[in-house]
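Colleague: Compute the structure for the input listed below.
(one chain, ligands or ions: 1)
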Amino acid sequence: MTTSSASGSGVSRRTVLLGCLAGGASALATGASALEMSPVKVSKDSVHYVLTAQGDHRCGVCKLFVAPSSCIAVSGDIGRDCGCRIWLPKVA
Ligand code: SF4
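Modeller: Have a look, this model is predicted:
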């Protein structure tokens, strides 16, 4: 499987999401939380993390955001008004 993406970030949404799903499945099997077991956390640089999100694609309204300042898929402190190229909308 290639690691390239349409955005050119080198990390595809598929790669991140498959990693998160694998972590969730492992967590269910062991009783640990998905965050504790997530095998994939990519760097901010690899997903073009920015301090000011474009439009309404902010971390605070991303499906992968974990309050108060974390992300299931991206390592490090995450700001609510920041953003990156793997942003996903929250499903109501
Ligand atoms: S936009 Fe979403 S995936 Fe990207 S850093 Fe923010 S919370 Fe994480």
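
Colleague: List the buried residues of stretch 44-58.
Modeller: Within stretch 44-58, the residues that count as buried by 16 or more other CB atoms under 10 Å are 44, 46-47, 49, 53, 58. Using the backbone N, CA and C atoms, a C-beta is placed for each residue, glycine as well.

Colleague: and the end-to-end length of it?
Modeller: Using CA to CA, to the nearest Å, one end of stretch 44-58 lies 14 Å from the other.

Colleague: how about the residues of this structure that lie near the ligand?
Modeller: 47, 49, 59, 62, 64-65, 71, 73-74, 78, 82-84, 86-87 (CB under 6 Å from any ligand atom).

Colleague: Could you rerun that using 5 Å?
Modeller: Counting by CB under 5 Å from any ligand atom, the positions of the chain adjacent to the ligand are 59, 62, 64-65, 71, 74, 83-84, 86-87.

Colleague: In ChimeraX, how would I select just the buried ones from those residues?
Modeller: Command for ChimeraX, covering only those of the residues of the chain next to the ligand found buried under the criterion 16+ other CB under 10 Å:
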select :59,62,64,65,71,74,83,84,86,87
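
Colleague: Show only the entries of the residues of the chain next to the ligand found in strands.
Modeller: 65, 71 (DSSP state E).

Colleague: Format the residues of the chain next to the ligand as CSV; extra columns: pLDDT.
Modeller: Formatted as CSV, the residues of the chain next to the ligand follow (pLDDT from 0 to 100):
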residue, pLDDT
59, 98
62, 97
64, 96
65, 97
71, 97
74, 97
83, 98
84, 98
86, 96
87, 97
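
Colleague: For residue 40, state which of the residues of the chain next to the ligand is nearest.
Modeller: Using CB to CB, residue 74 comes nearest to residue 40 of the residues of the chain next to the ligand, at 9.9 Å.

Colleague: thought that closest one was touching residue 45?
Modeller: No - with contacts counted by CB atoms under 8 Å, residue 74 stays clear of residue 45, the gap being 10.0 Å.

Colleague: In three-state terms, label the closest residue to residue 87 other than its chain neighbours for me.
Modeller: Leaving aside its sequence neighbours, residue 87 sits nearest to residue 57 (CB to CB, 6 or more residues apart in numbering; 4.4 Å). Following DSSP: H, G, I helix; E, B strand; the rest coil, residue 57 is assigned to coil.
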